[in-house]
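Student: Fold the following and give me the result.
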Amino acid sequence: MIQGIVLAAGRSRRFGTDKRRAKLDGQPMLLRTMQRWLDARDPVLGDLLVVLREADEQERELAAQLRELGVPSTFCADADLGMAHSLAWGVLQTPRADGWLIGLGDMPSVQTASILAVAHALRPGNIVLPTHGGLRGHPVGFGSDFAQDLLALRGDAGARSVLQAHRQALQWLELEDPGLLLDVDEPAQLALATRQKA
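Tutor: Presented below is the predicted three-dimensional model:
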């Protein structure tokens with residue numbers, strides 16, 4: 001079964017406040033994002049996990065909100081060292097997965113159909129990269145053969161080193177979904193995310 005991992009451990013420095021809690025149609029953005037993932041669960045993409053930063057009162061509160069939604073979370077003590085640490089931590093927590101679908105908590109406009117399309121294209125030896133208009137987006141799928149590469153990730157470059165080291169395994173998947181490209185880094189982008197339909 002493919003494991004969905006959503007990274008939500010950043011500090012929202014460009015946004016100015018905790019963007020995970022920024023309201024989108026009356027709902028915190030992270031919960032809106034996770035609703036898309038919940039709607040995508042099927043026999044292929046079965047389990048979800050959100051990676052939060054080191055546990056404190058605010059993070060525990062966010063974890064409780066996710067739990068109410070039906071989504072488990074985990075706290076990554078090294079999250080401030082870079083996104084790759086969060087990604088590796090999420091993979092470490094899910095060793096029995098047949099592959100990993102890695103998404104971002106600040107991408108609430110990704111269509112459920114796109115999440116499913118990437119999950120269903122995933123095989124043990126491939127890495128599935130969704131695109132829209134020729135531009136690469138998220139979520140990205142990693143087959144089970146890449147477990148050790150993902151566990152070894154460090155720093156703030158995400159999984160870029162894994163993609164560069166395994167170019168022969170890349171599978172590009174063009175989708176009609178502009179939401180694949182829209183991550184909300186600044187408040188002005190929140191309005192754009194609101195206009196994107198499921």
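
Student: Show me the shaky parts of the chain.
Tutor: Scanning the chain for pLDDT under 70 picks out 12, 16, 188, 191-192, 194-198.

Student: What segments of it are helices?
Tutor: Using DSSP state H, the helices of the chain run over residues 29-40, 57-69, 83-92, 112-121, 147-151, 160-165, 187-195.

Student: Please list the outside residues in contact with stretch 130-143.
Tutor: 2, 4, 98-104, 107, 110, 114-115, 117-119, 121-129, 150, 159, 162, 169, 172-178, 180-181, 183 (C-beta atoms under 8 Å, 6 or more residues apart in numbering). (Glycine included, C-beta is placed from N, CA and C.)

Student: can you pull the buried residues of stretch 27-42?
Tutor: By neighbour count with 16 or more other C-beta atoms under 10 Å, stretch 27-42 contains the buried residues 28-37, 40-41.

Student: do stretch 7-17 as well
Tutor: 7-10, 12, 15.

Student: That stretch spans what distance, first to last residue?
Tutor: 17 Å (C-alpha to C-alpha, to the nearest Å).

Student: related to what we said a few turns ago, what would the buried residues of stretch 27-42 look like in JSON lines with distance to A79?
Tutor: Listed next are these as JSON lines, based on distance: C-beta to C-beta, whole Å:
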{"residue": "P28", "distance to A79": "19"}
{"residue": "M29", "distance to A79": "18"}
{"residue": "L30", "distance to A79": "14"}
{"residue": "L31", "distance to A79": "19"}
{"residue": "R32", "distance to A79": "21"}
{"residue": "T33", "distance to A79": "17"}
{"residue": "M34", "distance to A79": "18"}
{"residue": "Q35", "distance to A79": "23"}
{"residue": "R36", "distance to A79": "22"}
{"residue": "W37", "distance to A79": "20"}
{"residue": "A40", "distance to A79": "25"}
{"residue": "R41", "distance to A79": "25"}
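
Student: which one of these is nearest L190?
Tutor: If you rank those by distance to L190 using C-beta to C-beta, M29 comes first, at 7.4 Å.
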